[in-house]
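>>> Can you look at this prediction? I've put the sequence above it.
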2 protein chains.
Amino acid sequence: MERADAARNRRAILRATEELLATHGLEHVSMDRVAQAAGVGKGTVFHRFGNREGLMRAVVEERVRALSSALESGPPPLGPGAPPAERLAAFFDAVVALATKNVTVMAAFEQASTDRLNSPIYLSWHAHVAGLLASASPTLDADLTAHLLLGSLHSDLMIHLLRTGDSHRLAAGLRSMIETLLR
Amino acid sequence: MERADAARNRRAILRATEELLATHGLEHVSMDRVAQAAGVGKGTVFHRFGNREGLMRAVVEERVRALSSALESGPPPLGPGAPPAERLAAFFDAVVALATKNVTVMAAFEQASTDRLNSPIYLSWHAHVAGLLASASPTLDADLTAHLLLGSLHSDLMIHLLRTGDSHRLAAGLRSMIETLLR
DNA sequence: CCCCAAGTGGACTGACGGTCAACTTACGGT
DNA sequence: ACCGTAAGTTGACCGTCAGTCCACTTGGGG
């Protein structure tokens, strides 16, 4: 079990990280600053989260949890029940919205991550997309296509689209791309 | 003009960087080690290339130069003359082969780069792809689609595909994706 | 051959992620 | 109510990094 003070500190650290990421750029959010902002020693941060990657992953996982559960047990078209093509469209609408609202957090995670493509979040999203693609179109290379579609969530591109004011085009573009691929 | 010793050092630094990247992982290639391996002082490296990003960009540009000139003045289907769809397919075949052979170099550049999408190389590739897409299918969002297709060159994905032995599927997948999109 | 702009080198700085051993504390068992 | 201990906390410390700076050297045009 996790002691009460440990749980309190975990929450404090997560909130401090989120706030620092929101107010300053991700490059100014060092582990020292997180510790200071959370009012704990640096050792505590590392004891809780292992390393920078672990901390950023925890922050991302918090922001993503709602979508994850909606995917596996929510109402259609996001959850099970709707036809694959519709579920795919719904998923990308949702995930693009999520990524747009959390660019900085996602970017911080990507930067700290050594193997993005093996992170639990990416793996589950990839499995979800690949599975739906495969059941909607058996001739497609579902595994690879899933990677290509998920590549659109890369923070580089998100930041670029937000800066140029073109972010609204991403969801639409993906929708029509999916439609074309499954035709 | 660049003095003779300066030119010699520039080449030595570039070669040292390439060799270190090839033999050790990119995370073990520090500016100090590059300087030492090239037999020059660290100050010289920074004087020549500005910063880590500049050095890595220079290495990448060297590896990419042949493709760039083939695109704008080489024989079809890579160069001008062939129909857009064929030029696109040829481009992605070539660029995937290039990226496969130079994963480490590309990865080092990405990691050191602060704004990949505004680097000269990416800008020129994006313009090339977007232009061809637009002329082959006026209804497409060519600009966005070009970003999505070029996302497949991200080193994360390349490394993953190489590790799992699936790299050969990338070129094929892109070919059929382009064909589908332009149909 | 001389001069100086161009080039060089490496000690130095500040910041970083991560470690660790000494210290403190929550809390289940008695 | 108290105590023993496993769990948690801490910040000084470490090695490494990218980048700076200035005293010094040198290529090569006039």
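Yes, it's here. These numbers were taken from a predicted model, which means no experiment stands behind them.
>>> Looks like A:Leu67 contacts A:Asp93 (just checking).
No - at 10.9 Å, A:Leu67 does not count as touching A:Asp93 under the criterion of Cβ atoms under 8 Å. Using the backbone N, CA and C atoms, a C-beta is placed for each residue, glycine as well.
>>> any chance you could map the helices in chain A?
Assigned by DSSP state H, the helices in chain A fall at A:4-23, A:31-38, A:42-49, A:52-73, A:84-101, A:103-112, A:120-136, A:142-150, A:155-163, A:168-182.
>>> For the first one, give the mean pLDDT please.
When pLDDT is averaged along helix A:4-23, the result is 98.
>>> any residue of that helix up close to DNA strand D?
Yes - Helix A:4-23 is in contact with DNA strand D by Cβ under 7 Å from any atom of the strand, via A:5-6, A:8-9.
>>> Quick one: end-to-end distance for stretch A:114-122.
One end of stretch A:114-122 sits 13 Å from the other (Cα to Cα, to the nearest Å).
>>> Please see if that stretch touches chain B.
Yes - Stretch A:114-122 reaches chain B (Cβ under 8 Å from any Cβ of the partner chain) through A:116-117.
>>> How many residues are close by the residue in chain A that DNA strand D sits nearest to?
Per Cβ to the nearest atom of the strand, A:Gly43 is where chain A lies closest to DNA strand D, at 2.0 Å. A:Gly43 has 9 neighbours, counted by other Cβ atoms under 10 Å in any protein chain shown.
>>> Of all the helices of chain A, which one comes closest to B:Ala130?
Minimum separation from B:Ala130 across the helices of chain A (Cβ to Cβ) falls at helix A:168-182, 12.5 Å.
>>> what is the mean pLDDT for the closest one?
Helix A:168-182 comes out at a mean pLDDT of 96.
>>> and chain A, what are its domains?
Listed domain ranges for chain A are A:1-50, A:52-181 (source: automatic domain parsing).
>>> most packed of those?
Burial of the domains of chain A is given as mean neighbour count (mean count of other Cβ atoms under 10 Å in any protein chain shown); domain A:52-181 ranks first at a mean of 18.
>>> where does chain A dip in pLDDT?
By pLDDT under 70, chain A contains no weakly predicted segment.
>>> Could you tell me which residues of it lie near DNA strand C?
Within chain A, the positions near DNA strand C by Cβ under 7 Å from any atom of the strand are A:1, A:3-5, A:28, A:30-33, A:42-43, A:46-47, A:51-53.
>>> and of those, the nearest to A:Ala130?
A:Glu53 (24.5 Å).
>>> Contacts only, for that closest one.
Neighbouring residues of A:Glu53 by Cβ atoms under 8 Å, 6 or more residues apart in numbering or on different chains: A:109, A:112-114.
>>> Quick one: end-to-end length of stretch A:149-157, please.
Taking Cα to Cα, stretch A:149-157 runs 13 Å from one end to the other.
>>> residues from chain A in reach of chain B?
Proximity of chain A to chain B, by Cβ under 8 Å from any Cβ, involves residues A:116-117, A:141, A:143-145, A:147-149, A:151-152, A:154, A:156-157, A:160, A:166, A:169-170, A:172-174, A:176-177, A:180-181, A:183.
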